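Chemist: Make a model of this:
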Amino acid sequence: MGKNTKNTAGSIKVSENVIVKIAKTAALEIDGVSFIQAESDDAISKLKRSIPVRAKTFGETAAIKLEIFIDEGVNAVKAAENVQKSVKSAVQNMTGFTVTKVDVKIAGVSFKEEENGAEVKNG
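Modeler: Model prediction:
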């Protein structure tokens, strides 16, 4: 499902997957925001956890849901509001869709712990 536009050269369709990628990129640009990382080697578990962004289109409108982790020490409400603004702006500017809502779920806090030189995310 996506937006279909007809013009003299043919038609243009914007996939929900494109909206998801735009939304994810826009959200990650916000300071203090990170996404859930898969903690299991199970392929299904990785797939479910690695796609914390969903989009639904209705005609020429879109509704987006995101699950984010907030870095330790970051104001969660302010970061979530910034994600909403950034995602809405990016999707509308790049696709022409009207974004009706951007729901942000704060799934947890990302604590910076050194474990063999790698950052560990705790929920």
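
Chemist: now the end-to-end length of stretch 86-105.
Modeler: Start-to-end span of stretch 86-105 (C-alpha to C-alpha, to the nearest Å) is 15 Å.

Chemist: Now that stretch: average pLDDT?
Modeler: Per-region confidence: stretch 86-105 scores 96 on mean pLDDT.

Chemist: ditto for stretch 23-36
Modeler: 88.

Chemist: Mind listing the strands the longest strand along the chain pairs with, and their directions?
Modeler: Looking across the chain with DSSP state E, the single longest strand is strand 98-110. When sheet partners are counted by DSSP bridges, strand 98-110 sits next to strand 61-71 (parallel).

Chemist: ok, and for the strand it pairs with, which residues are buried?
Modeler: Applying a neighbour-count criterion of 16 or more other C-beta atoms under 10 Å, one finds Ala62, Ala63, Ile64, Lys65, Leu66, Glu67, Ile68, Phe69, Ile70, Asp71 buried in strand 61-71. Bear in mind the C-beta positions are built from the backbone N, C-alpha and C, glycine included.

Chemist: Run the chain-centre distance for that strand.
Modeler: Relative to the chain's own centre, strand 61-71 is displaced by 5 Å; criterion: C-alpha atoms, centre = their mean, to the nearest Å.

Chemist: and what of stretch 21-38?
Modeler: That offset, for stretch 21-38, works out to 6 Å (C-alpha atoms, centre = their mean).

Chemist: And stretch 77-91, by the same measure?
Modeler: The mean C-alpha position of stretch 77-91 is separated from the chain mean by 10 Å, C-alpha atoms, centre = their mean.

Chemist: Having no further points to raise, I will conclude here.
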